Every structure is written in structure tokens, then in C-alpha cells.
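[1] Sequence first, then the predicted structure:
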Amino acid sequence: MRWDIGKIWVICCFVLAACHGSKQQNIEVLRCSNCSGEALETPPSYKVTDIIKLETNIESFITNIKQMEMNDSLIFILNGSENLYVFDRNGNFKNQIGKKGEAPNEYLVLNTFYINAVEQMVVLIDSYKNVLLNYSFDGKYISTISMSPNALLNCNNTLLMDDNTLMLFNMMGIKESIAYSLIDMNKKELIGKYFSYAPIMTNNYIYSFSRHPIAATENGANIILPLCDTIYNYSASSHTFEPKYIVETPRKMASKYQIRNDKKQTYSAELYDLWEEGYFTGFNGIYETKEKIILTFLNGIIMGYFIFDKLDRKGNYYIYEYDDASGEIPFYPVIYTYDNKFIASVGAEKLLEYKGSIKNRIFQDAIKDLKEDDNPCLLIYELE
């Protein structure tokens with residue numbers, strides 16, 4: 001598939017500069033092997049190692065997986081902004097954690113959550129009440145922590161560091177113009193705000209440019225920013241953000257300074273216009289294992305991903321294709337990683353469409369008793 005969808009496309013060189021316009025030294029460029037040609041419709045070589053059917057019952061019905069986390073024995077699923085469900089690694093429903101309400105142990109808004117492995121608890125974030133709610137894995141309420149004013153405003157994703165610093169990803173909004181902030185969980189204090197969205201303004205609504213903007217690393221995290229080809233690294237040991245990678249892009253990278261902030265147009269419409277003008281409009285997700293980096297993107301009507309291999313130091317851009325003519329299980333958008341595995345969520349109705357064409361034993365065993373209105377299934381991939 002051509003990047004311009006039939007329009008004349010001038011191949012643009014990538015710019016070796018960070019998103020803020022300053023030249024950077026000693027930053028690795030994630031090279032792209034197909035930037036001067038076509039995005040690949042055939043996915044990289046992979047295999048499906050398992051399919052987990054999430055149990056469906058009246059207590060665990062899933063409409064939209066907003067966030068997923070795992071530990072050695074459990075799967076945690078945030079259903080929209082309403083419910084947090086716990087399943088075992090076989091997909092059996094265990095319990096719900098917390099519930100919506102005005103009581104001290106309840107939330108009004110469930111923005112996001114994280115797992116505190118050291119304390120063996122799940123922490124729910126409610127920006128409306130401005131609190132953290134601590135629960136055991138089996139759903140027992142432990143405590144509530146009140147935060148400083150506006151510390152959790154527009155929070156939409158989190159990562160707890162080994163030094164007990166909590167990184168918050170904040171949505172674009174009317175009042176909040178900072179993408180990331182840090183909280184010292186020992187002192188329960190906001191200790192820093194980083195990366196302004198300005199001059200981007202969303203006027204009268206909030207907007208999240210990414211559903212997964214943070215990827216954990218051995219000593220911190222890698223993060224992405226809107227309209228940006230630079231991946232920044234946060235070091236938990238030095239408590240600093242530094243540019244780590246610049247990603248080679250198939251078109252010239254658009255800048256946030258090109259957003260017109262037209263009150264008649266949404267931010268999404270502005271991105272579409274930039275794509276129409278021949279720009280690449282950045283990434284909306286980052287996932288990382290020891291061997292691979294996956295960056296997802298939506299540019300105009302093109303939905304795809306960039307995979308970089310850390311061993312051979314090369315990457316390729318791919319377009320999502322769900323054609324079952326190959327007889328193989330398609331490669332679906334990633335929502336979580338662990339070890340060197342990638343997990344996607346696929347609706348039961350969609351999987352049943354492949355029943356007659358995909359003969360894979362793992363697939364056939366998984367859909368044997370599947371019904372159209374069942375919960376989504378988790379597909380576990382290994383890239384070869």
C-alpha cells in the first residue's frame with residue numbers, strides 16, 4: 001500500500017532533530033528499511049502461541065478494553081472507565097476490584113490503574129476525587145490516599161518505577177497542558193511536570209493522543225509525544241528525561257507548531273489535514289520487549305505499526321490487514337507485552353468469521369465453544 005493512497009508523494013528525508021527543534025547528539029536513529037517505498041501489507045513472521053478466552057458472565061461482561069496489565073498469575077482488564085476485572089492466566093474470571101460510587105472506598109471516575117508488585121496490591125486512580133484507592137488482588141479494600149490539588153488532573157495512564165516514583169500520562173485538556181508528571185509516592189507529592197502540549201489546544205474537550213504512551217525499561221521508561229519522531233527515556237536512577245531514539249519516518253514529520261487550533265476543527269481533524277498535505281503525524285502507542293520495539297500509528301486513514309528489531313538494528317512499517325485468505329490468524333493491534341510476547345484483543349464475533357478459513361489447531365480449539373456475544377479473546381504472538 002502506498003503511503004499517499006494514490007496521490008503523488010515526494011519522498012522526504014527524516015530530520016535528525018528532536019521535536020522541539022534543537023539538534024541532538026549521540027541519539028540512535030531507528031532506521032527504516034522501507035521508508036522510501038511502500039508500507040508492507042504482509043506482517044512480519046510470527047506465530048500465535050496461545051489464545052485466552054476471557055470468561056463471560058453477568059459479573060465480567062467486557063465492552064471495551066481500555067487498559068490491560070498482567071503479573072505472573074493474573075490478568076487485569078479495565079473495561080472502559082467503569083469496571084476493573086481480574087482473570088487468571090487461563091481466562092477464568094476471579095473478581096472485580098472496586099466499584100463506582102461516592103463512598104470512601106469507591107470511585108467516581110476510574111481513569112487508570114497500576115499494579116504495585118512490592119506491596120501486592122492494585123491502585124486505582126480517580127482524578128475527580130483526586131485519590132488513589134488501594135486494593136488487594138482479590139478485591140479487598142485497603143486504603144485511600146488523597147493527593148495534592150490537581151495532581152491527578154486528566155491522568156490517563158501510569159507506570160510505577162522501582163524507586164517508588166509514579167509517572168502519570170496526562171491528556172490534552174482545557175486546563176492541563178503538560179503531557180507527563182511525576183509523583184514521589186514516599187512523600188505523596190507531585191515533584192515535576194514535563195513536556196508541554198503548547199501550542200496545541202483542545203478548547204472545550206479533553207483528548208488522549210495515545211492509549212499506551214509509556215513502555216517500561218530496565219531502569220525507567222521510554223515515552224512518546226504527539227507529532228514527534230523522538231522517543232524519550234526517563235531514568236529512575238538520575239530522575240531525568242533524555243532523548244533516546246529518533247525514528248526514521250516515511251514522510252516528513254509534522255510539528256505540533258503546525259496545528260492551527262481552529263475552534264471549528266477538532267485536533268483529530270487537524271491531524272488528518274496534515275496527513276493530506278503529505279506529512280507523517282506521529283505515533284499513538286509504544287510497546288517494547290528485550291528484542292523488539294513496536295510503535296503504532298494512525299495517519300489519515302492508514303492504521304499501522306513500525307517494528308524495530310534491537311538485534312539487527314533495522315525496522316519496517318506495516319499496514320494492518322485482516323484478510324484471512326492466507327489461512328493464518330491475522331496480526332492484530334498490540335495492547336500489551338511481556339517477555340518477548342505481544343498480546344492483542346479480538347472480539348468473539350470477528351474470530352468466528354474466520355472459522356471456516358483458519359485451520360490452526362490453537363485457533364480451532366479456542367473458538368470451539370465461542371459465541372458471538374462472548375468477551376474478547378486475547379491472542380498471544382511471538383515475532384520470529
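    Here it is on my side, so go on. Numbers count the residues shown, from 1 in each chain.
[2] Identify the residues contacting the closest residue to residue 178 other than its chain neighbours.
    What sits nearest to residue 178 in space, not counting adjacent residues and going by Cβ to Cβ, 6 or more residues apart in numbering, is residue 193, at 4.2 Å. Placement of C-beta: from N, CA and C, glycine included. The contact partners of residue 193, taken as Cβ atoms under 8 Å, 6 or more residues apart in numbering, are 178, 180-182.
[3] and the residues you listed as JSON lines, adding neighbour count and distance to residue 118?
    Formatted as JSON lines, these follow (neighbours: other Cβ atoms under 10 Å; distance: Cβ to Cβ, whole Å):
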{"residue": "178", "neighbour count": "18", "distance to residue 118": "28"}
{"residue": "180", "neighbour count": "21", "distance to residue 118": "23"}
{"residue": "181", "neighbour count": "23", "distance to residue 118": "22"}
{"residue": "182", "neighbour count": "19", "distance to residue 118": "18"}
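[4] out of those, which are inside strands?
    178, 180-182 (DSSP state E).
[5] Closest one of those to residue 269?
    Using Cβ to Cβ, the shortest approach to residue 269 within the ones in strands among the contacts of residue 193 belongs to residue 178, at 23.6 Å.
[6] is that closest one in a bridge, and if so with what?
    Beta-bridge partners of residue 178, counted by DSSP bridges, are residue 196.
[7] Contact partners for it?
    Contacts of residue 178 by Cβ under 8 Å, 6+ apart are 170, 193-197.
[8] could you flag which of those are buried?
    Among the contacts of residue 178, the ones that count as buried by 16 or more other Cβ atoms under 10 Å are 170, 194-195, 197.
[9] what's the most distant pair in those residues?
    194 and 197 (11.2 Å).
[10] okay, and the common contacts of the two?
    In contact with both residue 194 and residue 197: 178-179, using Cβ under 8 Å, 6+ apart.
[11] part of a strand, is residue 298?
    Yes: per DSSP: H, G, I helix; E, B strand; the rest coil, residue 298 lies within a strand segment.
[12] and it, what pLDDT?
    Residue 298 is assigned a predicted lDDT (pLDDT) of 90.
[13] what do you get for residue 332?
    93.
[14] now it, what's its secondary structure?
    coil.
[15] Just the CA coordinates for the lengthiest helix in the chain, please, in CSV.
    Ranked by residue count, the top helix of the chain under DSSP state H comes out as helix 267-276. Coordinates of each C-alpha in helix 267-276 appear next as CSV, following Å, rounded to 0.1, in the frame of the first residue of the first chain:
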residue,chain,number,x,y,z
TYR,A,267,-7.4,18.0,16.9
SER,A,268,-8.1,14.8,15.0
ALA,A,269,-9.3,16.7,12.0
GLU,A,270,-6.1,18.8,12.2
LEU,A,271,-4.0,15.7,12.1
TYR,A,272,-6.0,14.4,9.1
ASP,A,273,-5.3,17.7,7.2
LEU,A,274,-1.6,17.4,7.9
TRP,A,275,-1.6,13.9,6.5
GLU,A,276,-3.4,15.1,3.4
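[16] Quick check: what element follows it along the chain?
    The C-terminal neighbour of helix 267-276 among helices and strands, as given by DSSP states H and E, is strand 279-280.
[17] Which residues does that following strand contact?
    With Cβ under 8 Å, 6+ apart as the criterion, strand 279-280 contacts 229, 249-254, 258, 297, 299.
[18] tell me how far whichever helix or strand comes after that strand is from the chain's mean position?
    Beyond strand 279-280 in the direction of the C-terminus, DSSP H and E gives the next helix or strand as strand 285-288. Remark: strand 285-288 is offset 6 Å from the chain centroid, using Cα atoms, centre = their mean, to the nearest Å.
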